[in-house]
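Undergrad: Have a look; sequence and predicted model below, questions after that.
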Amino acid sequence: MTEAVVEPQSSRTRLSLPVFRSDFMADAHEASADQRLQTAMDNSVTKRDMGRKTTLAELPDPNALRELAGQIKRHTLDHLDYYLELLEANVKKQGGQVHFAVDSRQANQLIVEIAKRTGSKLVVKSKSMVSEETELNEALTEAGIEPLETDLGEFILQVDHDHPTHLVMPVVHKNAADIGHIFERYFKTDFTDDAQVLAEMARVHLRHRFNEADLGVSGVNFAVAETGSIVVCCNEGNGRMCVSRPRIHVALMGMEKLIPALDDLPIFLKLLARSASGQSLTQYSSIVSGPRRPGEVDGPEEFHLIIMDNGRSRILAGEYRDTLRCIRCGACLNSCPIYRKVGGRTYGSVYPGPIGALLTPLFNGLEQHKHLPHASSLCGACFEACPVKIDIPKFLIMLRGDQVKAHITPWTERTIFKLWTVGLRFGWTYRLSQIAQRIGMRLLKDKQGWIKNLPPPVNGWTKQRDFPAPAKEDFRTVYKRYRQNQKPSVRR
Ligand code: SF4
């Protein structure tokens, strides 16, 4: 396998992923002090994490199933050229059309051209992270075509000109009162924070608009190479409406979303629903195989599948290939103590959380996202949660290594790590550095024995937290004395 160091952004011409915000440290500081955000995280994210654990435990051997899913994805990625050709051939056999897009701009162009050729004025969209990646709504609007998000969370964000902050729960950062104010402005109605009333308002509005739409855009949860089918999973039924009600259906997928055969699908459906939302199965899992055939009562007249690269083949060719196994379930976000504290907006990208901290620099380059590989405590919760067993902590450490190789880290950090290396190399330097650290830190303690303000360049440690000063005596000294005191009793 080729060794690929992630290139600094300056050496590349354009970003693959849109960047919404870029000051991770300032945004993290603000978000961690935001009580409303913390409550929203506790109410939704933590509950989903508990739900995942409970429903996975219902399976006879969840760990073996995760292992199998990971192996299937790895096998597919190792033979991606073969499976892509198989998928293309089978979609065409089913009467669909296949387009390959090298980047997000080309993917958007293809959709705009299809919309223009078919005289489509209104495009209804089901939830699709890849269309967030391409900024499809902006491209359609520029071309004079109206995009309409039909997933409730995405619809709220669209009318509020906001971005998703979670892969599965895009509006997790807003509470019912926030949504009440958004709908009050948009629908010009009285304020309410009754969730049921708000959902009904959106449902009635969207149901009416579905009937006017000419073109439906969906994402693809899985594309089955063997049958040329795509699978769209959703809980609100809007996905099924988008793929069956309009005259034209365009499915947009990243090229890694393949699975080899229909027999593999139940494995992924079981894991996706449990990992994403703690459900045994997503409410609606639609398997779409081409356009409407003669004699069928519903379905589109045309079916187009757009398979997008947008930087994926570069990742596929390097040592980060396994990151492309991701099925975008969001479980790593729900389990991550950092995501729970800082929320999704802080990551500044369409892909937040632990997997976003990996994918965003891999797509866009490290220079632009220096802080993301460090936005992790490396506790391993994301690895434990991941249904396809992506070793996110390992890859984050590799990215940190790439930063050092690319000289992106500040000189202060490089000097500290050099000193640390010397300290760890010999027993006597290790002991000496321990003594120096203990003396130095004890000088910084307050009257209660706590360290609350470290000096630069390590002052970042105490911006959000404090910690107790080290004890007067180190462990070695205490242990040595203990052993000496024990000797007579041992002899006896
Ligand atoms: S990395 Fe794993 S846990 Fe995270 S979104 Fe992807 S599949 Fe889900």
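TA: All right, it came through fine. Numbers count the residues shown, from 1 in each chain.

Undergrad: hey, let's count contacts and neighbours off CA atoms from now on
TA: Noted.

Undergrad: domains of the chain?
TA: Taking automatic domain parsing as the criterion, the chain consists of the domains 25-313, 413-491.

Undergrad: Would you mind measuring from Pro456 to the ligand?
TA: Distance check for Pro456 against the ligand: by Cα to the nearest ligand atom, to the nearest Å, it reads 34 Å.

Undergrad: whoops, Val197 was the one
TA: Distance, Val197 to the ligand, using Cα to the nearest ligand atom: 31 Å.

Undergrad: Could you report the neighbour count for that residue?
TA: Residues within reach of Val197, counting by other Cα atoms under 10 Å, total 12.

Undergrad: Can you show me the CA trace of the worst-scoring helix or strand of the chain on mean pLDDT as PDB?
TA: Every helix and strand of the chain was ranked by mean pLDDT, DSSP states H and E. The lowest is helix 475-491, at a mean of 75. The C-alpha coordinates for helix 475-491 follow below in PDB (Å, rounded to 0.1, in the frame of the first residue of the first chain):
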ATOM      1  CA  PHE A 475       5.400   7.400  43.400                       C
ATOM      2  CA  ARG A 476       9.000   6.000  43.200                       C
ATOM      3  CA  THR A 477      10.000   7.600  46.500                       C
ATOM      4  CA  VAL A 478       6.800   6.400  48.300                       C
ATOM      5  CA  TYR A 479       7.100   2.900  46.800                       C
ATOM      6  CA  LYS A 480      10.800   2.600  47.700                       C
ATOM      7  CA  ARG A 481      10.000   3.500  51.300                       C
ATOM      8  CA  TYR A 482       7.100   1.000  51.300                       C
ATOM      9  CA  ARG A 483       9.400  -1.700  50.100                       C
ATOM     10  CA  GLN A 484      12.000  -0.900  52.700                       C
ATOM     11  CA  ASN A 485       9.400  -1.000  55.500                       C
ATOM     12  CA  GLN A 486       8.100  -4.300  54.100                       C
ATOM     13  CA  LYS A 487      11.400  -6.000  54.200                       C
ATOM     14  CA  PRO A 488      11.500  -7.000  57.900                       C
ATOM     15  CA  SER A 489       8.000  -8.500  57.600                       C
ATOM     16  CA  VAL A 490       9.000 -10.400  54.500                       C
ATOM     17  CA  ARG A 491      12.000 -11.800  56.300                       C
END
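
Undergrad: In terms of mean pLDDT, which of the domains of the chain ranks lowest?
TA: Among these, domain 413-491 has the lowest mean pLDDT, at a mean of 86.

Undergrad: if we look at stretch 105-118, which residues are touching it?
TA: Stretch 105-118 is contacted from outside by 99-101, 121, 134, 136, 139-140, 143, 145, 215, 250, 306, 308, using Cα atoms under 8 Å, 6 or more residues apart in numbering.

Undergrad: So which of those residues is surrounded by the most neighbours?
TA: Neighbour max across those (other Cα under 10 Å) = Leu215, 29 neighbours.

Undergrad: For that one, list the residues it contacts.
TA: Counting by Cα under 8 Å, 6+ apart, Leu215 makes contact with 115, 120, 122-124, 242, 246-250.

Undergrad: For the ligand, see how far away it is.
TA: 28 Å.

Undergrad: What does that residue show for phi and psi?
TA: Backbone torsions of Leu215, given as degrees, to the nearest 10, read phi -130, psi 140.
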